[in-house]
Every structure is written in C-alpha cells, then in structure tokens.
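Q: Fold the following for me, if possible:
(2 chains)
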Amino acid sequence: DTEVTQTPKHLVMGMTNKKSLKCEQHMGHRAMYWYKQKAKKPPELMFVYSYEKLSINESVPSRFSPECPNSSLLNLHLHALQPEDSALYLCASSWDTDQPQHFGDGTRLSIL
Amino acid sequence: QKEVEQNSGPLSVPEGAIASLNCTYSDRGSQSFFWYRQYSGKSPELIMSIYSNGDKEDGRFTAQLNKASQYVSLLIRDSQPSDSATYLCAVNIHRDDKIIFGKGTRLHILP
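A: Numbering: from 1, shown residues only, chains lettered A, B, ... in the order given. Here you go, the predicted model:
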C-alpha cells in the first residue's frame, strides 16, 4: 500500500473514448507528477505541478491533458489515444521538486 | 553525455554477497540523489536519499556520493533473492528543477 492513491488500477479504452486517471495524496506534498512507463524502460516525466501550477510540460501530445483541482488531487484526462499510449501511468508526489518522490501503484492503461 | 547513466545489467550476484550499483550524472550543480527499487509490474519504491558527500547507511543498504567525480552508488550487503529488482538512480537536475531517472540496473540475486 502507498500513500499516493491512483484510480483506476487498470483501464482498457478504445481510441475514441474519453477517460480520466485520478491521483490523490494527503501527505501535504506541494509537487505532483505524472509519468509514463513502458515495459523495461525507466519512467518518463510527462507533467509536473508545483503549488498547483503546471511547472513542467515535457512536450506531451495534447491528447493528454493534466488538471490539478487542489493540492491533494491530480487528474490526467485522456482523449483519442493511440495504441502506442498503452503503458503504466504513474503518479508521484513530493514536498518540493528537489525532494524524493513517492509513487502510487500506477494505472495500467491498454488502448484497443 | 546523458544526464544520468547506469549500466543496464543484468548484474548477477550470489546470495549473501555485496551487490554494487553505480550511477554517474552530468549536472555539477545537482544536490539531491535518490535510489529507487522497482519490482516487475510494480511502481518505484524509494529506498535511499543522499545529499552530502560520503556514505549513508540504512540497514543493509549504503549509498555513496562523490560530487567531485559525479557518481553515486548503492551497496546492498548480504544480498537476498528478494533484492532481485531493477534499481533506478534519480538525480535532481538543478538547472531545470526536476529529477531525472537513469535507465535502471537489473539486479539478479542467485540463490
């Protein structure tokens, strides 16, 4: 069990669907992150929110849209994804952007 | 030069021996260094943080940092089969204010 909670754990969607991934932490951390991880590869940073503001956007395609409603919640909205977007999506949080990150269990996403 | 480099392995170590994992980084301004363990199909788990030159010990794990030579290492004493995993080195890239992960080293402890 982790202190960063991600839902759902698994998601299968078609290329025309719209879905959202959710992440929640109650550790008071002020930085939250989305990563994408393919099999046998390291996590790839997608987005960073620091104090609820998007501070890093690693040129991710617009079919991925992050949202940070408050300091405890982070969403990733998905629309018109491609099969190559199938991966493990990890949420993490930390006290600040130079502090150790704590990861959730991830959402395993499959695009049909 | 890549920002954070690790040997991908696999590194095979007999049970009970010391496993030594190495990582080099390019940003001389980096101040924060982390080791994560990731089991197959699971998320990364933080096992060590180190911020100052020298050694930091936590149980069977010792992190070593040498900022002058720009490397950080992780030693695992009395290696157990349960230590078999991928170990990710992560470094704070000071100029970009973000943490970069190395590609990870696969460690296999031989029973």
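
Q: What parts of chain A come near chain B?
A: Proximity of chain A to chain B (C-beta under 8 Å from any C-beta of the partner chain) is limited to residues A:2, A:41-43, A:45, A:48, A:55-56, A:88, A:90, A:97-106. Placement of C-beta: from N, CA and C, glycine included.

Q: Show the buried residues in those residues.
A: A:42-43, A:45, A:48, A:56, A:88, A:90, A:97-106 (16 or more other C-beta atoms under 10 Å in any protein chain shown).

Q: who's in contact with the most centrally placed residue in chain A?
A: Centroid check for chain A by C-alpha atoms, centre = their mean gives residue A:34 as the closest residue, at 3.2 Å. Shown in contact with residue A:34 (C-beta atoms under 8 Å, 6 or more residues apart in numbering or on different chains): A:23, A:45, A:46, A:47, A:64, A:66, A:74, A:76, A:89, A:90, A:91.

Q: Which of the buried ones among the residues of chain A next to chain B fall within strands?
A: Within those, residues falling in strands by DSSP state E are A:45, A:48, A:56, A:88, A:90, A:102, A:103.

Q: Of those, which is the nearest to chain B?
A: Taking C-beta to the nearest C-beta as the measure, chain B lies nearest residue A:103 of those, at 4.2 Å.

Q: just to revisit the earlier point, check which helix or strand the residue nearest to the centre of chain A maps to.
A: Element membership for residue A:34 (DSSP states H and E) is strand A:31-37.

Q: ok, and the closest non-adjacent residue to residue 66?
A: I'll assume chain A. With sequence-adjacent residues excluded and distances taken as C-beta to C-beta, 6 or more residues apart in numbering or on different chains, residue A:66 is closest to residue A:47, at 4.4 Å.

Q: my bad, the chain I had in mind was chain B
A: Sequence neighbours aside, residue B:53 is the residue nearest to residue B:66 in space, at 6.3 Å (criterion: C-beta to C-beta, 6+ apart).

Q: quick one: that neighbour and residue B:65 touch, right?
A: Yes - assessed by C-beta atoms under 8 Å, residue B:53 is found in contact with residue B:65 at 5.4 Å.

Q: In terms of packing, which of those two has more residues around it?
A: Between residue B:53 and residue B:65, residue B:65 has the larger neighbour count (other C-beta atoms under 10 Å in any protein chain shown), namely 19 against 11.

Q: need the contact list for that one.
A: Each residue near residue B:65 by C-beta under 8 Å, 6+ apart is listed here: B:33, B:50, B:51, B:52, B:53, B:54, B:56, B:71, B:72.

Q: how many other residues sit next to the residue nearest to the first one when sequence neighbours are not counted?
A: Yep, that's residue B:33 we're talking about. Closest residue to residue B:33 apart from its sequence neighbours, by C-beta to C-beta, 6+ apart: residue B:72 at 4.6 Å. Residue B:72 has 26 neighbouring residues, counting by other C-beta under 10 Å.

Q: list the helices and strands the helix or strand of chain A with the lowest mean pLDDT packs on?
A: Using mean pLDDT, DSSP states H and E, the weakest-scoring helix or strand in chain A turns out to be strand A:53-57, at a mean of 85. Strand A:53-57 sits against strand A:44-50, strand A:64-70, with contacts defined as 3 or more C-beta pairs under 8 Å, 6 or more residues apart in numbering or on different chains; DSSP states H and E.
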